[in-house]
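Engineer: Take a look and give me a structure for this.
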Amino acid sequence: MSGTPRLALPFLSPGQAQKEFTHNEALQTLDFLIAGAVEEAPRPDPPATPTVGACYIVGDSATGAWAGKSQAVAGYSTGGWRFIAPIDGMSAYVKASKIWISYQSGSWELGAVRGLKVMINGEQIIGSRGVAIASPAGGSTVDAEARSSIDQILAALRTHGLIES
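Structural biologist: Purely as a prediction, here's the structure:
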């Protein structure tokens, strides 16, 4: 294996000449990915005047210097564009929109949040989805049926932690 299994960071070889080049390549990749942040949502073409250190996600139908690199993270360095292939679970903060983007099952998901529950100040605010509540189906006493449905709605809201018990 000539590199790491997840990010393909290059390994140094025994007796290798100019090891600093291999080491510096790995540092460039880490600099683009650790605490990852990209300038904006995926785009198909590189910016006209990129800033050294800026990162982007290459969109579909990539053009110019990004042709053939769709879905990759593109980081601009003093040596030009560097491309990092995404892996499942990779995420980055999108500076322009102030939201997160994650790579899942072969594509980037902008703004999707995954979890089992939302806790705020130690209290569960949102949890798993409860069972469906049946709609009123008529009847002779509408008030009693409406009250029963409202009680079910309130119980569901409590179960999800959206209102207190």
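Engineer: okay, CA-based contacts and neighbour counts for the rest of this
Structural biologist: Fine.
Engineer: my read: Trp81 touches Ala72, true?
Structural biologist: No. At 11.2 Å, Trp81 and Ala72 do not qualify as touching, with contact defined as CA atoms under 8 Å.
Engineer: who's more crowded, these two?
Structural biologist: Taking other CA atoms under 10 Å, Trp81 and Ala72 do not tie; Ala72 has more neighbours (21 against 18).
Engineer: And the biggest helix by length in the chain, what's buried?
Structural biologist: Longest helix in the chain by number of residues (criterion: DSSP state H): helix 142-159. For helix 142-159, a neighbour-count test (16 or more other CA atoms under 10 Å) marks 145, 149, 154-157, 159 as buried.
Engineer: Adding distance to Arg43, write those out as JSON lines.
Structural biologist: Converted to JSON lines, those look like this (distance: CA to CA, whole Å):
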{"residue": "Glu145", "distance to Arg43": "53"}
{"residue": "Ser149", "distance to Arg43": "48"}
{"residue": "Leu154", "distance to Arg43": "44"}
{"residue": "Ala155", "distance to Arg43": "45"}
{"residue": "Ala156", "distance to Arg43": "41"}
{"residue": "Leu157", "distance to Arg43": "40"}
{"residue": "Thr159", "distance to Arg43": "41"}
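Engineer: For these, please prepare TSV with the additional fields pLDDT and distance to Ile126.
Structural biologist: Formatted as TSV, these follow (pLDDT from 0 to 100; distance: CA to CA, whole Å):
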residue	pLDDT	distance to Ile126
Glu145	77	27
Ser149	84	21
Leu154	85	14
Ala155	86	14
Ala156	84	11
Leu157	83	9
Thr159	81	9
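Engineer: and the closest residue to Gln71 other than its chain neighbours, how far is that from Ser97?
Structural biologist: Distances taken as CA to CA, 6 or more residues apart in numbering place Val58 nearest to Gln71, at 5.1 Å, with adjacent residues excluded. Going from Val58 to Ser97 by CA to CA, to the nearest Å gives 17 Å.
Engineer: How about Lys19?
Structural biologist: Applying CA to CA, the value for Lys19 to Ser97 is 39 Å.
Engineer: same deal with Asn24?
Structural biologist: As judged by CA to CA, Asn24 and Ser97 stand 31 Å apart.
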